[in-house]
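Would you be able to build a 3D model of this:
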Amino acid sequence: WQTARALEKTIILCRLPEARKSPEPLHNLQDVNLEDLEKGGQDLIGRLESRNDYTVKFDYTVLPKNSYIPFNPNPNFTGRGQDLLELYLKLIGNLNKIGINQVGTVGMGGIGKTQLVVEFAYRFSFAFDSVHWIQAADEGKWLRQFVELARDRLQLSIVSDPDKPEADKQYIYALQKYCKENPDTLIIMDNVAEPNVLNRELFRSGPTPLTLGCDLLFTTRKHFRLHGVSSQ
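Residues are numbered from 1 along each chain as shown. Alright, predicted model coming up:
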């Protein structure tokens, strides 16, 4: 359903007996009740016969719990289907069972890397447990934003005294533990100036953005070579 929704295909929900609740982004769709198979079958046939071949507009503003994207989806976004498909295949569709997916989108300034990533995040957010955004232009602010993600958004309250100097270190390790337990978390880092810095420790002898243990998507103007990281 996520792929069909992202491609703006018509979706008809058929509810089987004892079915689970439908996904939150599809709650506004009227389903076909198949508890009575004959009556439900006729309803389904009627829906199919009356379906119009036009583009369906879905509400992409519904996000998984605790997610944060600082931009709204662009209602005028159009095209770029190939770019969205490539991101889908690299982050979701390759069904990578042996590890996490890490992708960098590369291009000169002003071509719409951020807008593409925003659109991808909204369209495919429910392929992840949650989606979190880091404004990554200033490397000096990475640690603070990761700490805020752990402390404020995920509320990983394992630090007894958050004002102590070592509190940041504890929060980053708590975030790493959370990501390893929830590897389908997606962290987006927008406008990374130097991709190789993603291999640099957030604090001395601590984890790097690439070793937190979750999916990572970043935008950058600079071409890179990082082991295990795909480039688009």
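
Name every strand pairing with the longest strand along the chain and say which way it goes.
Longest strand in the chain by number of residues, with DSSP state E as the criterion: strand 185-192. Counting by DSSP bridges, the strands paired with strand 185-192 are strand 130-135 (parallel), strand 215-220 (parallel).

Mean neighbour count, those: which tops it?
Of all the strands paired with strand 185-192, strand 215-220 carries the top mean neighbour count, a mean of 24, counting by mean count of other Cβ atoms under 10 Å. (Glycine included, C-beta is placed from N, CA and C.)

starting at the chain centroid, how far to the following helix or strand past that one?
Proceeding N to C from strand 215-220, the next assigned helix or strand is strand 230-231, under DSSP states H and E. Counting by Cα atoms, centre = their mean, to the nearest Å, strand 230-231 is centred 17 Å from the centre of its parent chain.

buried sites along the helix or strand hosting Tyr173?
If you go by DSSP H and E, Tyr173 is part of helix 167-181. Neighbour-count burial for helix 167-181, with 16 or more other Cβ atoms under 10 Å as criterion, is recorded at 168-179.

Can you lay out those as TSV showing pLDDT and distance to Leu143?
Below are the buried residues of helix 167-181 laid out as TSV (pLDDT from 0 to 100; distance: Cβ to Cβ, whole Å):
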residue	pLDDT	distance to Leu143
Asp168	85	6
Lys169	87	10
Gln170	88	13
Tyr171	90	9
Ile172	91	7
Tyr173	91	13
Ala174	92	14
Leu175	93	11
Gln176	93	13
Lys177	93	17
Tyr178	92	16
Cys179	92	16
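
Report the inter-axis angle for the helix holding Tyr173 versus strand 215-220.
If you take axes from the mean of the first three to the mean of the last three Cα atoms, to 10 degrees, helix 167-181 sits at 120 degrees to strand 215-220.

For Gln232, give its distance to Leu149.
24 Å (Cβ to Cβ, to the nearest Å).

pLDDT below threshold where in the protein?
Judged against pLDDT under 70, the low-scoring parts of the chain cover residues 52-56, 94-98, 158-163, 165.

Which residues are in contact with Gly81?
Neighbouring residues of Gly81 by Cβ atoms under 8 Å, 6 or more residues apart in numbering: Leu7.

let's go with 10 Å and repeat that
Counting by Cβ atoms under 10 Å, 6 or more residues apart in numbering, Gly81 touches 6-7.

hmm, back to that, not counting the helix holding Tyr173 itself, show me its contacts.
With Cβ under 10 Å, 6+ apart, helix 167-181 has contacts from 100, 129, 132, 143-144, 146-152, 154, 156-162, 164, 185, 187, 201-208, 211-216.

Stretch 214-232 spans what distance, first to last residue?
Terminal residues of stretch 214-232 lie 19 Å apart, using Cα to Cα, to the nearest Å.
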